[in-house]
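> give the three-dimensional model of this entry:
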Amino acid sequence: MLSRPQPVGILPIPAGLLVLPSLPGEDHIDPDLVRHCVEGRAVENVPAPWLFYDYARQGDLDSALQALDGFENDVADYNRFVLSPNARSLETLRAVLKGDLHTLLEIAAYNFGMNDQVPGVEGLNGELLALALMANAAAAMENNSPDRAMTLLQEAVAAARVASPWFAAQLLGQLAAICRTQGEPSRSHALSHYRDAIALISNASMPEVISDLWMQLGMACQETAMGRDDRMTEAVRAYQEVLRCGLTAEAHPELFALAHNNLGLLYLSMRMSDGGDQLRMAIAVQSFREALRVCDREATRDLWASIQLNLAAIPALVAPGRKSDAGGRVVRRAGDSAKESIRSGGLWAHFVQSGERTGASRYVSASS
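You can find the predicted model right below:
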């Protein structure tokens, strides 16, 4: 029997599909130790049977496979398949794995594009049920059934919320992304899903995931503001949280540039008292200039050009009697790119990572 809880769905594929074996003398897994492994904290205390997971978390798949040498059991065989999927291993394991591991094998095969049959959910619970439901939601999106996908993701969130709050948070992010592509009231529901996700994962040492959720919340507020001061204020706070999540502009220039650009657009769109245009323009100019300072012109030419245009258009946008709609235009363009952020297993292709993920071919996508 597979020990629980398992850290499935939290990290990018393939790590997000790996499972941890029971430790000698224990019949359950310490949730605190699992959290430390997922975050990469206290790695010196990682038990030897779990070293493969830490290597996979870092993207070192060769070392992860080597760390599994000497472990001969069903869990180790399943993890070897996840790290190096191939048709021969799949057929062999289908004949020997039982119970939850057999279902996980089919979920993994579906994610790798090696199986077109949607995984079943019978007999599963907790985070494993959520993983299977997420795969079914991906299939629903492939079949252009967003309502079905949203229902399945809601069920997945309910299944994971207690067993794996961080997985539930990423599922909520996927659900919110689909809601943003629908009409009302689904679009408004996206805001509550993002807020819920941030609350669930706020205590994690996972700054990339948390900053992405704040970015999506900011864009969702900005997209639906329609002159509402409360939405614009919430968007400002969201972008500010992006900038103080623990990431650096040097390592994540596109994320920082987009946050500063959208802040500038918000400052131009907010209502000001008489005589406030000069202050508004100064704050917006500062935001756009900071966006240009950190933006990589060669790597993100479209974003760099948009920021330049926004900066050049400020005098016209703040002219007396002219209402700015800049906030809506550019944010929706950014939102289109953000649709690529929904990956299998709650795996986020952040703006700064150009959507590159190892192994994932099935995903819950708002643009399917």
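> pLDDT on stretch 166-178, on average?
Across stretch 166-178, pLDDT averages out at 96.
> C-alpha coordinates for that stretch, PDB please?
Extracted in PDB, the C-alpha atoms of stretch 166-178 (Å, rounded to 0.1, in the frame of the first residue of the first chain):
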ATOM      1  CA  TRP A 166      -0.400  23.300  -1.900                       C
ATOM      2  CA  PHE A 167      -1.700  21.000  -4.700                       C
ATOM      3  CA  ALA A 168      -5.200  22.400  -4.000                       C
ATOM      4  CA  ALA A 169      -3.800  26.000  -4.500                       C
ATOM      5  CA  GLN A 170      -2.400  25.200  -7.900                       C
ATOM      6  CA  LEU A 171      -5.700  23.500  -8.900                       C
ATOM      7  CA  LEU A 172      -7.500  26.600  -7.900                       C
ATOM      8  CA  GLY A 173      -5.100  28.600 -10.200                       C
ATOM      9  CA  GLN A 174      -6.000  26.300 -13.100                       C
ATOM     10  CA  LEU A 175      -9.700  26.600 -12.300                       C
ATOM     11  CA  ALA A 176      -9.400  30.400 -12.200                       C
ATOM     12  CA  ALA A 177      -7.600  30.500 -15.500                       C
ATOM     13  CA  ILE A 178     -10.500  28.700 -17.200                       C
END
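> please point out which parts of that stretch sit buried.
Buried residues in stretch 166-178, counted by 16 or more other Cβ atoms under 10 Å: 166-178. Bear in mind the C-beta positions are built from the backbone N, C-alpha and C, glycine included.
> now do it: distance to the chain's middle.
7 Å (Cα atoms, centre = their mean, to the nearest Å).
> neighbouring contacts of the helix or strand where A56 lies?
In the assignment (DSSP states H and E), A56 maps to helix 51-57. For helix 51-57, contacts defined as Cβ atoms under 8 Å, 6 or more residues apart in numbering pick out 7, 11, 14-15, 18, 20, 37-38, 40, 43, 46, 61, 63-65, 67-68, 79, 83.
> may I see the buried residues of the helix or strand just after that helix?
Next along the chain after helix 51-57, taking DSSP H and E as the criterion, comes helix 61-67. Using 16+ other Cβ under 10 Å as the test for burial, helix 61-67 gives 61, 64-65, 67.
> CA atoms of the following helix or strand past helix 61-67 as CSV?
Downstream of helix 61-67, the next assigned helix or strand under DSSP H and E is helix 74-83. Output of helix 74-83 as CSV, limited to C-alpha atoms (Å, rounded to 0.1, in the frame of the first residue of the first chain):
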residue,chain,number,x,y,z
ASP,A,74,7.1,-1.4,-7.0
VAL,A,75,7.4,2.2,-5.9
ALA,A,76,11.0,2.4,-7.2
ASP,A,77,10.0,0.9,-10.5
TYR,A,78,7.1,3.3,-10.9
ASN,A,79,9.4,6.3,-10.2
ARG,A,80,12.0,5.0,-12.7
PHE,A,81,9.2,5.0,-15.4
VAL,A,82,8.2,8.6,-14.5
LEU,A,83,11.8,9.8,-14.8
